[in-house]
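Trainee: Show me the folded form of this:
(chains A and B)
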Amino acid sequence: GAVVSQHPSWVICKSGTSVKIECRSLDFQATTMFWYRQFPKQSLMLMATSNEGSKATYEQGVEKDKFLINHASLTLSTLTVTSAHPEDSSFYICSGVPGSSYEQYFGPGTRLTVT
Amino acid sequence: AQTVTQSQPEMSVQEAETVTLSCTYDTSESNYYLFWYKQPPSRQMILVIRQEAYKQQNATENRFSVNFQKAAKSFSLKISDSQLGDTAMYFCAVLASGSRLTFGEGTQLTVNP
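Mentor: The predicted model follows:
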């Protein structure tokens, strides 16, 4: 149990365009979802925390107008990278936390390449 | 705030041997959880083992065990009978309030045949 999916797994977009990444909890309701960014050979950096039905909380240094997060339901959170630039190219990982649990379940990640 | 330090960027071990990955952490919380995650080349984060800080007994999952030293804020991972499939990046992490995880920088483990 506790499976999280992400779509797409890999996306290439042109500089200046926007791209949306979906994160779904398949067999549980995720009251909280997290979005991470990971550069090659580095650790996961928390970008934001989203709770269903409320605005996301962004980490210091993360541009909230550039990385739009929506957690509209208990099974879906989306990350939209607006006006993407090559420096936004990275691996984006989401995770979900079921109900009253504390443990995070991770999605398989999305590789974003901005050309 | 929490911090996690993994002082070994890379390690290697021969197949069937034992290896220990180090991790130290700092937190002001009295109630917290510790984790080791594995990230293979597929980049899917896989939970290896968890430890509740209030439990004195070290957690064990098959070939994986931890040495949890609460006073020293140390949480090392021992992998016994290493297998080629254990080759991955390993992250130590601490979770305190709000389900928020803080990760270490990671240790790249290579198991050699």
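
Trainee: what about residue 99, neighbour count?
Mentor: Just going to use chain A. 10 (other Cβ atoms under 10 Å in any protein chain shown). Yep, even glycine has a C-beta here, placed from its N, CA and C like the rest.

Trainee: Let me rephrase: I mean chain B.
Mentor: Using other Cβ under 10 Å: B:Ser99 sits among 18 other residues.

Trainee: now swap in the one 5 residues further on and tell me
Mentor: Number of residues near B:Gly104 (other Cβ under 10 Å) recorded here: 24.

Trainee: so what pLDDT did it get?
Mentor: B:Gly104 carries a pLDDT value of 97.

Trainee: Which residue does chain A have closest to chain B?
Mentor: Nearest to chain B, among the residues of chain A, is A:Phe106, at 3.9 Å (Cβ to the nearest Cβ).

Trainee: who touches A:Leu44 in this structure?
Mentor: By Cβ atoms under 8 Å, 6 or more residues apart in numbering or on different chains, the contact list for A:Leu44 reads A:Tyr36, A:Arg37, A:Gln38, A:Ile93, B:Met45, B:Phe91, B:Phe103.

Trainee: which of these count as buried?
Mentor: With burial judged by 16 or more other Cβ atoms under 10 Å in any protein chain shown, the buried subset of the contacts of A:Leu44 is A:Tyr36, A:Arg37, A:Gln38, A:Ile93, B:Met45, B:Phe91, B:Phe103.

Trainee: who's in contact with the fifth one?
Mentor: Just to be clear, that refers to B:Met45. A:Leu44, A:Ile93, A:Ser95, A:Phe106, B:Tyr37, B:Lys38, B:Gln39, B:Phe91 are the contacts of B:Met45 under Cβ under 8 Å, 6+ apart.

Trainee: Residues of chain B that sit close to chain A?
Mentor: Chain B comes close to chain A at residues B:33, B:42-45, B:47, B:50, B:89, B:91, B:95, B:98-101, B:103-106, B:108, as judged by Cβ under 8 Å from any Cβ of the partner chain.

Trainee: hang on, the earlier thing: can you pick out the most distant pair from the contacts of B:Met45?
Mentor: Taking Cβ to Cβ, the two most distant members of those are A:Ser95 and B:Lys38; they sit 15.0 Å apart.

Trainee: Which one's more surrounded, these two?
Mentor: Neighbour count, other Cβ under 10 Å: between A:Ser95 and B:Lys38, A:Ser95 has more, with 24 against 21.

Trainee: What's opposite the more buried one in the beta bridge?
Mentor: For A:Ser95, the beta-bridge partners are A:Phe34, A:Phe106 (DSSP bridges).

Trainee: which residues does the residue nearest to the spatial centre of chain B bridge with?
Mentor: For chain B, B:Trp36 is the residue whose C-alpha lies nearest the centre (Cα atoms, centre = their mean; 3.2 Å). Counting by DSSP bridges, B:Trp36 forms beta bridges with B:Ile49, B:Cys92.

Trainee: what residues are up against it?
Mentor: B:Trp36 touches B:21, B:23, B:47-50, B:64, B:66, B:75, B:77, B:90-93, counting by Cβ under 8 Å, 6+ apart.
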